[in-house]
Structures are given as C-alpha cells and as structure tokens.
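Enquirer: coordinates only, sequence not included:
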C-alpha cells in the first residue's frame, strides 16, 4: 500500500518501465492502481529497431504483474520520508501481530 | 424529466454514431501483448476489473526476421486478464502509415518470471 | 460490455479455448461461472504441438488455466442487441407501460460455426519455423 502511495506521488513524471519480457518502455506516468498496474502516456520503446511492434502506440496500460523494474527520477522521491514511513509501517505491522514484541 | 429525456436521447445518438464510425475511424483500436509474446490488434469491445478483455475484429500480428509481418484474422476474442502484458491505444494514422510488409522483427519474447 | 456477459450469452455456441499450456479445446459451451470455469460438449482436444487429437463427449475446464477463448463473431451483435433491448424495456417500464415483452431470444437463426476451427490446422500457424 505504501508503494502504491509512492507511485501516486510520481504521476506526471517520466519513468522507464522494464517488463519481464525485457522490453523497456519510457513514458509519462499517468496513473497507478492498487495492483500497481500502470498507465503511460507518450511512450517510447528503448530499442525500436529490434521492437517495432508498438510503433503506432502512443499510450498504454501495463499489467502490474509483468513489471520487473520502474526507474524513477531520483529527485522525485523524498527517500528520508520514505524510510521513515517504511519504519512506521513495519512497527505498525509488529503491533498488530502478537508474535512479534514491540 | 424532459431535460433528462433529452440527455438520454443524446447518449443514444452518440452510441449510434459510435457504432457507425468506429470501424471507419478505428476508434478504440488497441494492441494487446500477451504473456506468450503474441501481439493482437482489435477493437476493445469490453473489459472488466480483472483486465479480461473482449476484442472484436481482432488480428494476430506474427513477426519474423526473414518474412514480413503476417496478419491472421481471429475474429471475436476473449483474453483472460492474467495473460495480458500490455494494452496500447493505436494511433490510427500512424498505424495506417506503417506498411507492415516492410516490417521485419523478431517475435516478442514470452514473459519469464 | 463485460467479458463474462459475453461468455454467458455464448451458451450452446461453438468456441475454441486455448489453455496456458497450449492445448486447445473445440466444442459447444454448456455452462460457465464467474471464475470462467467452463463445461464444453462434443469436444475436440488438440495437444500443444497440434499433431494429436482426442474427441471427448464432455469436459470441464478450470478458468484459471485458460489463455483465451475464441467466440463466434455473431455473438457480439446479439449481446449488444440484447442489452439495448433490456435498456429500452427498462426505460419504457419507468416511463409508460411495458409493451411487447414477448420478443426475447438472442440472435438470429443459424449461426455460422465460426471459431470452431483451429488456426491453420495442425501447425497452428504461429509463423515460426516456416521452411527456408
């Protein structure tokens, strides 16, 4: 859920999505949903000579389950804030699970 | 009530226009990439929450390095959501201006987890 | 239009089902559910290489194993017509009195048995391995 929120803050940023079929797609992140499905605008395939399959495609929906990596601009993420939120998140999990001491 | 009726009629008119125009303008022509590497183009006739999609007038585009792209008509297709990698909206002008018989490329690889 | 409503309307229609392992099943749809589990009757099963066939009287396919279904083209129009009719019936029921509720039954007569054939027969025509 945290990562979903992070992605939501990244809308309108240019990202590079690497798929599990080794395709690299650059585009502007338009939206993300709870499954981390992604909508990209203004897309560009990194090796268009090798992969001309999507030459007429301008925007697309990518299924979250086939995404390997999303490269995001470093200055678009407040890593300190993210670290804090992650710690808070894990403490929250421990509290709710009686097996783990606080 | 009358204004609402007007709205409903307009909606119906749009629907009718859509039915007439969509095959001409290729409205909602999409390109779907499947997990096994297949590329299918068709008109997006429906979809649901699980990203299952219905494609009408669909064609598979078969890519090969030593022969031009071959389009195989498939008709009405229902693809399960978990098989889908990507759905792209086709720019009809750009698509019409690319001559598929000039395009040679290796088929897309299948998804490997 | 929802994929599942199309499938529901495809009862007794011929279809081709390909599984994730590449096996295909040609038959008439008997029933289906919301998981896309289906039963087919008078089935021709083909192995992934397309070189072996089996005839089955009836079979059940778990929805999660399906890759895609190929359905007769004519079904799209009949489902659309049905939906328009249902909407109009709803509208006239809300407005004045309902009339002519008798003409139900989807589609016209004699659907051509499209989708009842495998692409390009045994070789399945993926376009690969065409002779040099």
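Expert: Yes, it's here. It should be emphasised that the depicted structure is a prediction, and the values quoted were computed from it without experimental measurement.

Enquirer: tell me where chain A has strands.
Expert: A:14-19, A:24-32, A:38-45, A:57-62, A:67-71 (DSSP state E).

Enquirer: what separation do you get for the residue nearest in space to the middle of chain A and chain C?
Expert: Centroid check for chain A by C-alpha atoms, centre = their mean gives residue A:70 as the closest residue, at 4.9 Å. According to C-beta to the nearest C-beta, to the nearest Å, residue A:70 stands 26 Å off from chain C. Heads up, the C-betas are built off the backbone N, CA and C, glycines and all.

Enquirer: hang on, the earlier thing: in TSV, list the strands of chain A along with distance to residue C:39 and mean pLDDT.
Expert: Putting these into TSV (distance: least, C-beta to C-beta, whole Å; pLDDT from 0 to 100) gives the following:
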stretch	distance to residue C:39	mean pLDDT
strand A:14-19	35	97
strand A:24-32	38	96
strand A:38-45	36	96
strand A:57-62	32	95
strand A:67-71	35	97
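
Enquirer: hey, which of those strands is tucked in deepest?
Expert: Sort these by mean neighbour count, taking mean count of other C-beta atoms under 10 Å in any protein chain shown, and strand A:57-62 sits at the top with a mean of 21.

Enquirer: what's that strand in contact with?
Expert: For strand A:57-62, contacts defined as C-beta atoms under 8 Å, 6 or more residues apart in numbering or on different chains pick out A:17, A:19, A:25, A:27, A:30, A:37-43, A:54, B:31, B:51, B:85-91, B:94.

Enquirer: relative to strand A:38-45, how tilted is it?
Expert: With axes from the mean of the first three to the mean of the last three C-alpha atoms, to 10 degrees defining the directions, strand A:57-62 sits at 140 degrees from strand A:38-45.

Enquirer: contacts only, for the residue nearest to the centre of chain A.
Expert: By C-beta under 8 Å, 6+ apart, residue A:70 lies in contact with A:7, A:15, A:16, A:17, A:18, A:38.

Enquirer: hmm, back to that, between the strands of chain A, which one is closest to residue B:71.
Expert: Residue B:71 lies closest to strand A:57-62 among the strands of chain A, at 16.3 Å (C-beta to C-beta).

Enquirer: strand partners (parallel or antiparallel) of that closest one?
Expert: According to DSSP bridges, strand A:57-62 forms sheet pairs with strand A:38-45 (antiparallel), strand B:84-90 (antiparallel).

Enquirer: just the closest of the contacts of residue A:70 to chain C, please.
Expert: residue A:38 (21.5 Å; C-beta to the nearest C-beta).

Enquirer: if that closest one is in a bridge, with which residues?
Expert: Beta bridges link residue A:38 to residue A:32, residue A:62 when assigned by DSSP bridges.

Enquirer: contacts for stretch C:6-21, please.
Expert: Stretch C:6-21 is contacted by residues B:45-46, B:54, B:78, B:83, C:24-32, C:36, C:38, C:40, C:48, C:61, C:65-72, C:75-76, C:78-79, C:82, C:106, C:111, C:113-118 when judged by C-beta under 8 Å, 6+ apart.

Enquirer: surely residue C:53 is in contact with residue C:43?
Expert: No: applying C-beta atoms under 8 Å as the test, residue C:53 and residue C:43 come out as separate, 10.4 Å apart.

Enquirer: quick one, which of those two is more surrounded?
Expert: residue C:43 (19 against 13; other C-beta atoms under 10 Å in any protein chain shown).
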